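Asker: Got a predicted structure here, sequence first:
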Amino acid sequence: INMFSSLMLASLSVLTLPIMSSILNTHKNSTYPHHVKNIISYAFITSLIPTMMFIHSGQETIISNWHWVTIQTLKLSLSFKLDYFSMIFVPVALFVTWSIMEFSLWYMHSDPYITRFFKYLLTFLITMMILVTANNLFQLFIGWEGVGIMSFLLIGWWYGRTDANTAALQAILYNRIGDIGFIMAMAWFLFNANTWDLQQIFMLDPNLTNLPLLGLLLAATGKSAQFGLHPWLPSAMEGPTPVSALLHSSTMVVAGVFLLIRFHPLMENNKTIQSLTLCLGAITTLFTAICALTQNDIKKIIAFSTSSQLGLMIVTIGINQPYLAFLHICTHAFFKAMLFMCSGSIIHSLNDEQDIRKMGGLFNAMPFTTTSLIIGSLALTGMPFLTGFYSKDLIIETANTSYTNAWALLMTLIATSLTAVYSTRIIFFALLGQPRFLPLTTINENNPFLINSIKRLLIGSIFAGFFISNNIYPTTIPEMTMPIYMKLTALTVTILGFTLALELSLITHNLKLEHPTNMFKFSNLLGYYPTIMHRLPPLANLSMSQKSASLLLDSIWLENILPKSISQFQMKTSILISTQKGQIKLYFLSFLITLTLSMLLFNLHE
Amino acid sequence: MSLVHINIFLAFTVSLVGLLMYRSHLMSSLLCLEGMMLSLFVMATMVVLNTHFTLASMMPIILLVFAACEAALGLSLLVMVSNTYGVDHVQNLNLLQC
């Protein structure tokens, strides 16, 4: 008997139990957060079983449950697609969420609305699950919008703070611009393929897929914070650290990449869109890595790091390697969530201090956090045989040996070395050296919640890459033979970045203070992009629309065109032509001169 | 022309120039106008008497009468200007400009 589908459905539906409990009003008690955490851990273990079955047999399932509506020829039903991507992503996401929930039990302990916080996190998780298991675009859109809404609610968690509200609104606006692309793609598919089911779209294999794929690329740009729609991600760090760890490192921001991965059969055939994604990802990864170099807020540096890794994933899709991008999603979730949790531990211990210029010397004061931060950073930069190596190194190798855009490749390589640079910057400023925080410290990392959650993700960061790579079935064959300098490219640029950053940071002990150079200002102010784009286009739009709406008809067409213009013209020309100035003496003088001249003429003429 | 004629003619010319080129007071042009009138009267009387043109010996008298009228007119204009501005400087007469 095959319990595959029912187990998967069970694990998905058990997640919704705590939400239902709010109907029964059992959520007011103080153990609700513990219930939620336990439920997620049970869901994780339950979902491991179908995943093992899938790995063993390679059998993909589609569960099509409930026929919702048929609009003329479009049949919409509730269908779950449990294929390679969703089966592996669900346990990873549940594992990471489990650890984050445990972490937030410690972090948000003193928050009076902690039950609401957990409910929001759980709703977010449910919508994310809907997104990854969706078989038709409508369900995917439900999940897509759901994660956007929950992101808004969670970023603006401390709603008394203006910056948090602005950041939440910014997230919604940028996501909305991406949603336009999504809806355009949905409309195109409705018109040209008569369906929103992924199977039918892939079977029909439409020829001119430029327009819908552009729409999907725009959606991914909005959701995954690619260049052009990226400022919301650093601003989203206004939310609490568990929110940053869950949404903006592991799950929500990979929704855009996940969408592009889902449509990889269509993208295989379209070279134009591939080149576009490649260049977009290359620009994103380099730009955000440059911006990360001079930030002073530890969460913003990690946010830019996320953005840079997302650009790397988009680059991978651009070189036609969706499976590698997916692998990078899964491995990236582990160490990025752990990095955020370590930064949360540091922030809480230093009494909510987020500026790295005011940290230091934590190497001895917080050993466990130090360990996990260093291992997370090493995994991020692709240290051999840690987690990040299995995905990142493969990506760089494949990019090196494929027939691709050389400029994009160069950008990606530079961004990889910059990854090492800013990771070293975090480690140097936060952990090494002498303490720069206030002497009255509340450094305490002895809470079992904190330690257990970080420990789980730590083991994941070290071993998960190995486990996942060895247990998945082979998809695209990676390039096995390449010259040795290509094989070592990723390693060399990373080591180069490390040494350079270490050297520069150590020099700062002896330098005198100098004024920021132009390059520094460019990097620190996020390339001036938010400053320009948040002020200039809205001002231009609003003033143009105001002028056209209120001034155009009345003052221009009715007043200015005929009456005022005629009077102006007349006055100007009359001033030009007439000579009356009231200068009497001049007139008399001219009379005299005329008289004299005429006399002379008469007398001398004959 | 004889010297007397040239003398009177010169007096007329000087008054004419003084009428047309004055600095600031309107009164000075009116005075020069009187001067012109005077020289014209003398010139006319001399010509009529020298050529024994008896029938035209009324002309200078009538010229004088008309000169008196026009002097009165000029003076009334001056008085009007002086009423509004206090002085009769010419630079005050600039209302007609654009």
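Answerer: Alright, I've got the coordinates.
Asker: In what element of secondary structure is the most centrally placed residue in chain B found?
Answerer: Centrality entry for chain B: nearest residue to the mean C-alpha point is residue B:33, 1.9 Å, by CA atoms, centre = their mean. For residue B:33, the element it lies in under DSSP states H and E is helix B:26-50.
Asker: Going by proximity to chain A, name the top residue of chain B.
Answerer: Proximity to chain A, evaluated over chain B using CB to the nearest CB, is greatest for residue B:94 at 3.3 Å. From N, CA and C alone the C-beta is placed, and that goes for glycine too.
Asker: Show me what secondary structure element comes after the helix holding residue B:33.
Answerer: helix B:59-85.
Asker: pLDDT value on the nearest residue to residue A:201 once chain neighbours are set aside, please?
Answerer: Closest residue to residue A:201 in three dimensions, ignoring its sequence neighbours and counting by CB to CB, 6 or more residues apart in numbering or on different chains: residue A:193, at 5.3 Å. We have a pLDDT of 84 for residue A:193.
Asker: Test my guess that residue A:193 contacts residue A:200.
Answerer: Yes - with contact defined as CB atoms under 8 Å, residue A:193 counts as touching residue A:200 (6.4 Å).
Asker: okay, these two: which has more neighbours?
Answerer: residue A:193 (17 against 13; other CB atoms under 10 Å in any protein chain shown).
Asker: who's in contact with that one?
Answerer: A:200, A:201, A:204, A:206 (CB atoms under 8 Å, 6 or more residues apart in numbering or on different chains).
Asker: now the angle between helix B:59-85 and the helix holding residue B:33, please.
Answerer: Angle of helix B:26-50 versus helix B:59-85, following axes from the mean of the first three to the mean of the last three CA atoms, to 10 degrees, is 180 degrees.
Asker: any residues touching helix B:26-50, and which ones?
Answerer: A:588, B:4-5, B:8-9, B:11-12, B:14-16, B:18-20, B:22, B:53-54, B:56-57, B:59-60, B:63-64, B:67, B:70-71, B:74-75, B:77-78, B:81, B:88-90.
Asker: buried subset of the residues you listed?
Answerer: A:588, B:8, B:11-12, B:15-16, B:18-20, B:22, B:60, B:67, B:74, B:78, B:81, B:88, B:90 (16 or more other CB atoms under 10 Å in any protein chain shown).
Asker: Next SSE downstream of the longest helix seen in chain A?
Answerer: Criterion DSSP state H: the longest helix present in chain A is helix A:162-193. On the C-terminal side of helix A:162-193, the closest following helix or strand by DSSP H and E is helix A:198-204.
Asker: Who are the packing partners of the helix or strand just after that next one?
Answerer: Counting by DSSP H and E, the element after helix A:198-204 in chain order, helix or strand, is helix A:210-223. Secondary-structure packing of helix A:210-223 (3 or more CB pairs under 8 Å, 6 or more residues apart in numbering or on different chains; DSSP states H and E): helix A:137-155, helix A:162-193, helix A:254-262, helix A:264-268, helix A:271-292.
Asker: What mean pLDDT does helix A:210-223 get?
Answerer: Here the average pLDDT along helix A:210-223 is 91.
Asker: what's the answer for stretch A:286-299, then?
Answerer: Here stretch A:286-299 scores 88 as its mean pLDDT.
Asker: Next: stretch A:501-512.
Answerer: Summarised as a single mean, pLDDT over stretch A:501-512 is 78.
Asker: and for that stretch, what are the contacting residues?
Answerer: Applying CB under 8 Å, 6+ apart, the contact partners of stretch A:501-512 are A:420, A:421, A:422, A:424, A:425, A:428, A:429.
Asker: Just the pLDDT for whatever residue of the stretch 51-200 of chain A ends up closest to chain B.
Answerer: When scored by CB to the nearest CB, the stretch 51-200 of chain A has residue A:173 as its residue closest to chain B, at 56.5 Å. At residue A:173, the model reports a pLDDT of 91.
Asker: where's the spatially closest residue to it that is not a sequence neighbour relative to chain B, distance?
Answerer: Nearest non-adjacent residue to residue A:173, counting by CB to CB, 6+ apart: residue A:232, 7.6 Å away. From residue A:232 across to chain B, the span is 61 Å (CB to the nearest CB, to the nearest Å).
Asker: rewinding a little: buried residues in the longest helix of chain A?
Answerer: Residues of helix A:162-193 classed as buried by neighbour count (16+ other CB under 10 Å): A:164-165, A:167-168, A:170-172, A:174-175, A:178-179, A:181-182, A:184-186, A:188-189, A:192-193.
Asker: the inter-axis angle of that helix versus helix A:254-262?
Answerer: Using the same axes, to 10 degrees: helix A:162-193 against helix A:254-262 is 20 degrees.
Asker: what angle sits between helix A:162-193 and helix A:137-155?
Answerer: Following the same axes, to 10 degrees, one obtains 180 degrees for the angle between helix A:162-193 and helix A:137-155.
Asker: Quick one: name the residues of the stretch 151-300 of chain A near chain B.
Answerer: By CB under 8 Å from any CB of the partner chain, no residue of the stretch 151-300 of chain A approaches chain B.
Asker: pLDDT at the residue nearest to residue A:316 when sequence neighbours are not counted, what is it?
Answerer: Distances taken as CB to CB, 6+ apart put residue A:325 closest to residue A:316, at 4.0 Å, once the chain neighbours are dropped. In this model, residue A:325 is scored at 89, pLDDT.
Asker: and the residue nearest the centre of chain A, helix, strand or coil?
Answerer: Among the residues of chain A, the one closest to the centroid is residue A:225, at 3.1 Å (CA atoms, centre = their mean). Classification of residue A:225 using DSSP: H, G, I helix; E, B strand; the rest coil returns coil.
Asker: need the contact list for it.
Answerer: Going by CB under 8 Å, 6+ apart, residue A:225 touches A:174, A:232, A:233, A:253, A:284, A:307, A:310.
Asker: One more: residue A:273?
Answerer: By CB under 8 Å, 6+ apart, residue A:273 lies in contact with A:209, A:210, A:213, A:214, A:217, A:267.
Asker: And the second one, how far from residue A:262?
Answerer: Going back to what we said before, that points to residue A:210. Separation of residue A:210 from residue A:262 (CB to CB, to the nearest Å) stands at 18 Å.
Asker: re the thing from before, just send the contacts of stretch A:501-512 back as JSON lines, with distance to chain B, pLDDT and neighbour count too.
Answerer: JSON lines is the format used below for the contacts of stretch A:501-512 (distance: CB to the nearest CB, whole Å; pLDDT from 0 to 100; neighbours: other CB atoms under 10 Å in any protein chain shown):
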{"residue": "A:420", "distance to chain B": "77", "pLDDT": "89", "neighbour count": "25"}
{"residue": "A:421", "distance to chain B": "72", "pLDDT": "89", "neighbour count": "23"}
{"residue": "A:422", "distance to chain B": "71", "pLDDT": "88", "neighbour count": "26"}
{"residue": "A:424", "distance to chain B": "77", "pLDDT": "88", "neighbour count": "22"}
{"residue": "A:425", "distance to chain B": "72", "pLDDT": "87", "neighbour count": "22"}
{"residue": "A:428", "distance to chain B": "77", "pLDDT": "86", "neighbour count": "18"}
{"residue": "A:429", "distance to chain B": "74", "pLDDT": "85", "neighbour count": "22"}
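Asker: if you look at the residues you listed, which of them are in strands?
Answerer: Of the contacts of stretch A:501-512, none are assigned to strands by DSSP state E.
Asker: May I have stretch A:199-210 as CSV, with CA atoms only?
Answerer: Extracted C-alpha coordinates of stretch A:199-210, given in CSV (Å, rounded to 0.1, in the frame of the first residue of the first chain):
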residue,chain,number,x,y,z
GLN,A,199,1.4,19.8,-17.0
GLN,A,200,-0.7,21.1,-19.9
ILE,A,201,1.5,24.0,-20.5
PHE,A,202,4.6,21.8,-20.7
MET,A,203,2.8,19.4,-23.0
LEU,A,204,1.7,22.0,-25.4
ASP,A,205,5.1,23.6,-25.4
PRO,A,206,4.1,26.9,-27.0
ASN,A,207,6.5,28.4,-29.5
LEU,A,208,6.7,32.1,-28.8
THR,A,209,7.2,32.1,-25.0
ASN,A,210,8.9,35.5,-24.8
